[in-house]
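Q: here is my input; please provide its structure:
(one chain, ligands or ions: 1)
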Amino acid sequence: MTDFLNSRCENRANSASYPRTRLRRNRRWPWLRDMVQETSLAPSHLIWPLFVIEGDNRREPVLSMPGVERMSIDLATAAAAKAAELGIGAVAIFPVTPSQLKSDSGQHAVDPNNLICQATRSIASAVGERIGIVCDVALDPYTTHGQDGIVRDGYVVNDETITVLCDQAVNQARAGATMIAPSDMMDGRIGAVRDALDANGYQHIPILSYAAKYASAYYGPFRDAVGSASNLGGADKKTYQMNPANSDEALREVELDIQEGADMIMVKPGMPYLDIVRRLHDRFPVPLAVYQVSGEYAMLKFAAQAGALDERKVVLESMIAFRRAGASAILTYFACDVATWLNDR
Ligand code: PBG
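A: The predicted model follows:
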């Protein structure tokens, strides 16, 4: 043991930089730590996903996501107003479609009076100038089988699905969506949706592409929240969402989406895929978003409830990790908590 320590001391003495260089100096006082901090976090970086249900003055807890509620449009509108007050950048609306309105083809997606359109109109007229409204483009809230597209012979067909997605996107833009976010992972849909928006006078509406979206088990609680889990049964989405084992392929997905006109790209899930965020950030000069998905929320929340983690500290740490990896925007169910914590610091 003494030998070991002696040799360590000699190494230290021989090192040219030690003790001249002591990285701990810049960590000595809070003002200095703050001064040299490389990344920052503000409420404007956050996007808050909202689950919307039919009815008036109704809220339902999502059991697999303690603290998250499905809300009727009036309450969701009030929640969006509160989010705007907190300085949150945008809300992302997810409809819980009543089962009698679901069909094989998901046609309800293009109904101008569906829940997402009604919610969008309501939020747009109440707070549209002060908060972004992100609408998700994919058919899973509307299909009886829970897949994101149209199914033929057990396969989600690409090009036919895209024609519906284009109509869905235009339908949402008409309702007042200020960002269109295709989450379906069909090939070529970004270019097609861009053309459809442009042809209908929505040249100014940006597209946030779920470009590197993995076939992840972390979406489980979300599928409970919107009620697509039972529709899916045991099925998965592996013929269109990415294999979690792949990284190079994310570069190809993103490159294509940029060529097709994406204004922002997303990586999803978040924490288990920070390597992807970093690689994309290094490679492409395009704003990145990262989605801290429902399963990540559940892990942090349940661990905090069990007393194993300090919720505020661990959530803020996860946020700064996303920013450090290269994300501009963060979709998180913790958005209101994070904004509140940031505002009262
Ligand atoms: C639907 C969609 C999903 C999520 C966002 N949009 C689920 C899925 O692809 O099955 C997941 C979000 C989350 O887990 O928080 N296209």
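
Q: I'd assumed residue 265 was in a strand, is it?
A: Yes: under DSSP: H, G, I helix; E, B strand; the rest coil, residue 265 falls within a strand.

Q: nearest residue to it in space, please, no chain neighbours.
A: residue 211 (4.1 Å; CB to CB, 6 or more residues apart in numbering). Any C-beta I mention is one placed from the backbone N, CA and C, and that applies to glycine too.

Q: the one you found: what secondary structure?
A: strand.

Q: tell me the contacts of it?
A: 250, 253-254, 257, 262, 265-267 (CB atoms under 8 Å, 6 or more residues apart in numbering).

Q: take these and lay them out in CSV including distance to residue 199, pLDDT and neighbour count.
A: Listed next are the contacts of residue 211 as CSV, based on distance: CB to CB, whole Å; pLDDT from 0 to 100; neighbours: other CB atoms under 10 Å:
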residue, distance to residue 199, pLDDT, neighbour count
250, 30, 98, 23
253, 25, 98, 21
254, 25, 98, 24
257, 19, 98, 26
262, 18, 98, 24
265, 23, 98, 25
266, 24, 98, 28
267, 29, 98, 29
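
Q: can you give me phi and psi for the closest residue to residue 334 other than its chain neighbours?
A: Closest residue in space to residue 334, ignoring its immediate chain neighbours: residue 315 at 5.0 Å, by CB to CB, 6+ apart. With angles defined as degrees, to the nearest 10, residue 315 sits at phi -70, psi -40.

Q: same question, residue 193
A: Per degrees, to the nearest 10, the backbone of residue 193 is at phi -70, psi -40.

Q: for residue 145, see how far away it is.
A: 22 Å (CB to CB, to the nearest Å).

Q: one more: residue 152?
A: Distance from residue 152 to residue 145, by CB to CB: 11 Å.

Q: between the two, which one's more packed in?
A: When residue 152 and residue 145 are compared for neighbours, residue 145 comes out ahead with 20 against 10, by other CB atoms under 10 Å.

Q: follow-up on the earlier one: list just the nearest of the contacts of residue 211 to residue 283.
A: Of all the contacts of residue 211, residue 254 has the smallest distance to residue 283: 7.9 Å, by CB to CB.

Q: hang on, the closest one packs against residue 266?
A: No: taking contacts as CB atoms under 8 Å, residue 254 lies outside contact range of residue 266: 9.5 Å.

Q: who touches both of the two?
A: Residues touching both residue 254 and residue 266 (CB under 8 Å, 6+ apart) are 211-212.

Q: and the contacts of residue 211, which is closest to the ligand?
A: The closest of those to the ligand turns out to be residue 266 (CB to the nearest ligand atom; 9.8 Å).

Q: bridging residues for the closest one?
A: residue 289 (DSSP bridges).

Q: how about the residues of the protein near the ligand?
A: 136, 138, 140, 148, 183, 219, 222-223, 237, 293-294 (CB under 6 Å from any ligand atom).

Q: now those residues as JSON lines including pLDDT and distance to residue 100?
A: Shown next, in JSON lines, are the residues of the chain next to the ligand (pLDDT from 0 to 100; distance: CB to CB, whole Å):
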{"residue": "136", "pLDDT": "98", "distance to residue 100": "21"}
{"residue": "138", "pLDDT": "98", "distance to residue 100": "20"}
{"residue": "140", "pLDDT": "96", "distance to residue 100": "17"}
{"residue": "148", "pLDDT": "97", "distance to residue 100": "21"}
{"residue": "183", "pLDDT": "97", "distance to residue 100": "24"}
{"residue": "219", "pLDDT": "96", "distance to residue 100": "24"}
{"residue": "222", "pLDDT": "96", "distance to residue 100": "22"}
{"residue": "223", "pLDDT": "92", "distance to residue 100": "19"}
{"residue": "237", "pLDDT": "97", "distance to residue 100": "24"}
{"residue": "293", "pLDDT": "98", "distance to residue 100": "28"}
{"residue": "294", "pLDDT": "98", "distance to residue 100": "25"}
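
Q: now the buried members of these.
A: Among those, those classed as buried by 16 or more other CB atoms under 10 Å are 136, 138, 140, 148, 183, 219, 222-223, 237, 293-294.

Q: from those, which two are the most distant?
A: Farthest pair in those (CB to CB) is 148 and 294. Separation: 16.1 Å.

Q: how far away is the nearest residue to residue 116 once chain neighbours are set aside from residue 172?
A: Spatially, and ignoring its direct neighbours in sequence, residue 116 is nearest to residue 95 (4.4 Å; CB to CB, 6+ apart). Going from residue 95 to residue 172 by CB to CB gives 11 Å.

Q: which neighbours do those two share?
A: residue 116.

Q: can you map out the strands along the stretch 1-150 of the chain?
A: 46-53, 59-61, 69-72, 90-95, 132-137, 150-152 (DSSP state E, counting those that start in this stretch).

Q: for those, which one sits closest to residue 111?
A: Once the strands of the stretch 1-150 of the chain are compared by CB to CB, strand 90-95 is nearest, at 10.9 Å.

Q: and that closest one, what does it pack against?
A: When contacts are defined as 3 or more CB pairs under 8 Å, 6 or more residues apart in numbering; DSSP states H and E, strand 90-95 packs onto strand 46-53, helix 73-85, helix 115-127, strand 132-137, helix 220-226.
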